[in-house]
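Student: Sequence unavailable; structure follows:
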């Protein structure tokens, strides 16, 4: 059966976008370097799926659901130590989809200098600008899934992994790098019950992933990339990324993906 999905309506309720409206969100502050902010993001969709999808034979089925329902928080405990976290209920109300709350992001960002920063926790992996873009800044209905091919070992926290990342900008913000080591695929038995053991990644080897780019205009050295600058950014960059997951399956010694952009 072939399916064709069309989101005929997409609405966004955003209280405090991470970059566009952050200054408008009240802070719970102790001093200039110790503070906390909360935000809420809701993206609502009406969807029609065609070509024999309807159970009554009319060829269409329809759904109304919440694509994202996120509670987000960010803050500072020191002038060089920031943090960010978010929960989500992805596709809440969509037929056949689990509606449990998930832990989406949660990391500490040590901002030592523009040339060198360290992030630790769960976050979007640094593979390409598209998969590191903030969902709060999307101009279209959703991400382009033909571009986002990065796997995630974390159930339902898409394009994320747990690990440590370094990032920075050099040469007057002309050169930018991001990369790190992540948990990747953990060891588990792929064999059926009663069959001989077939382990993937028996040594629990770590995943390595990174990207680098050359900026001819504005740089975006923060955590998220903004795909919708509304005229506030001039962006022209070229770069490449890689993703290496050892022994992701029994039959594959190393999974290696790369991209250029």
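Tutor: Thanks, I have the structure now. Everything quoted here is computed from the prediction, not taken from an experiment.

Student: C-alpha from now on. contacts and neighbour counts both.
Tutor: Will do.

Student: so who does residue 117 touch?
Tutor: With Cα atoms under 8 Å, 6 or more residues apart in numbering as the criterion, the residues that contact residue 117 are 109-111, 166-168.

Student: what's the pLDDT at it?
Tutor: In this model, residue 117 is scored at 96, pLDDT.

Student: which of the contacts of residue 117 lies closest to residue 247?
Tutor: residue 166 (24.2 Å; Cα to Cα).

Student: OK, contacts around the closest residue to that closest one other than its chain neighbours?
Tutor: With Cα to Cα, 6 or more residues apart in numbering as the measure, residue 118 is the residue that lies nearest to residue 166, at 4.6 Å, once sequence neighbours are left out. By Cα under 8 Å, 6+ apart, the contact set of residue 118 is 109-112, 164-167.

Student: before we move on, what about residue 114?
Tutor: When the contact criterion is Cα under 8 Å, 6+ apart, the partners of residue 114 are 168-170, 221.

Student: Quick check: ChimeraX command selecting the buried ones in these.
Tutor: Only the buried entries of the contacts of residue 114 go into this ChimeraX selection, using 16 or more other Cα atoms under 10 Å:
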select :168,169,221
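
Student: quick one: which of the contacts of residue 114 is nearest residue 128?
Tutor: Closest approach between the contacts of residue 114 and residue 128, by Cα to Cα: residue 221, at 13.8 Å.

Student: picking up where we left off before, from the contacts of residue 117, which land in helices?
Tutor: Taking DSSP state H, every one of those sits outside helices.

Student: quick one: which of those is nearest to residue 245?
Tutor: Of all the contacts of residue 117, the one sitting nearest residue 245 is residue 166; the distance, using Cα to Cα, is 18.3 Å.

Student: Checking residue 152 next. Helix, strand or coil?
Tutor: coil (DSSP: H, G, I helix; E, B strand; the rest coil).
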